[in-house]
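>>> Fold the stuff below for me.
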Amino acid sequence: MRMGWRQLRVMTQSFSSTRIAPCRLPTVGYLLPMLDRFKPKKSLRAYMKQYGEEHQHPGTKITHMIGIPMILASFPAAVVSPPVGGALFVGGWALQFIGHGMFEKSKPSFVNDPYYLGVGAVWVTVEYMELLGIPIPEALQPGVEEAHLTNGVGASA
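Numbering: from 1, shown residues only. Purely as a prediction, here's the structure:
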């Protein structure tokens, strides 16, 4: 059935006269407490310090220093070749769990705090920087925060 201009105009006029009840959205004040659970629980330095303390065994360090770059490389690789990206992703995670299961005998840090998923990548970067003799930025060096606070440099009113 073919529709003429007259039928189309009548149809749009009747549609535009239809009133839709306003939708009640939650206010920002209602959403803020829910967003609090996504805030980091501590500073990056504190995350890095704890991550380093939880990854002392050389076997865990090696599995993480190979596995985490594999996981990160899997994302761009998946765009080019999904099977290669998938293999990198699965292999990288397998190394993570092998490191924790065989060497540390503990569950991965991200189980308790998902921010450790990002902290692991930063930790591996710092470990490679140390191996290659590249200066580590002050923000990632442990103990700098405490030194500033004792000298009064980092204290704020």
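
>>> doesn't Ile68 make contact with Tyr128?
No - the criterion here is Cβ atoms under 8 Å, and Tyr128 misses it with Ile68 at 10.3 Å. In this view, the C-beta of every residue, glycine as well, is placed from N, C-alpha and C.

>>> Which one of these two is surrounded by more residues?
More neighbours surround Ile68 than the other of Tyr128 and Ile68, with 22 against 12 (other Cβ atoms under 10 Å).

>>> How much space separates the more buried one from Gln96?
Ile68 sits 7 Å away from Gln96, taking Cβ to Cβ, to the nearest Å as the criterion.

>>> what residues are shared contacts of Tyr128 and Ile68?
Common neighbours of Tyr128 and Ile68, counting by Cβ atoms under 8 Å, 6 or more residues apart in numbering, are absent.

>>> So which helix or strand of the protein has the lowest pLDDT on average?
helix 144-151 (a mean of 47; mean pLDDT, DSSP states H and E).

>>> Just the buried residues of the helix or strand in which Ile62 is found, please?
Using DSSP states H and E, Ile62 sits in helix 58-80. Judged by neighbour count (16 or more other Cβ atoms under 10 Å), helix 58-80 contains these buried residues: 60-61, 63-65, 67-72, 74, 77-78.

>>> Let's see that helix as CSV, backbone CA atoms only.
Provided in CSV are the C-alpha atoms of helix 58-80 (Å, rounded to 0.1, in the frame of the first residue of the first chain):
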residue,chain,number,x,y,z
PRO,A,58,61.1,-14.5,41.3
GLY,A,59,58.8,-17.0,39.6
THR,A,60,55.8,-14.7,40.1
LYS,A,61,57.8,-11.7,38.9
ILE,A,62,58.9,-13.6,35.7
THR,A,63,55.3,-14.8,34.9
HIS,A,64,53.9,-11.4,35.5
MET,A,65,56.6,-9.6,33.5
ILE,A,66,55.8,-11.9,30.5
GLY,A,67,52.0,-12.4,31.1
ILE,A,68,51.0,-8.8,31.6
PRO,A,69,52.6,-7.5,28.4
MET,A,70,51.0,-10.4,26.6
ILE,A,71,47.5,-9.3,27.9
LEU,A,72,48.1,-5.7,27.0
ALA,A,73,49.4,-6.7,23.5
SER,A,74,46.3,-8.9,23.0
PHE,A,75,44.0,-5.9,22.5
PRO,A,76,45.6,-4.3,19.5
ALA,A,77,46.5,-7.8,18.2
ALA,A,78,42.8,-8.8,18.3
VAL,A,79,42.0,-6.0,15.9
VAL,A,80,44.5,-7.3,13.4
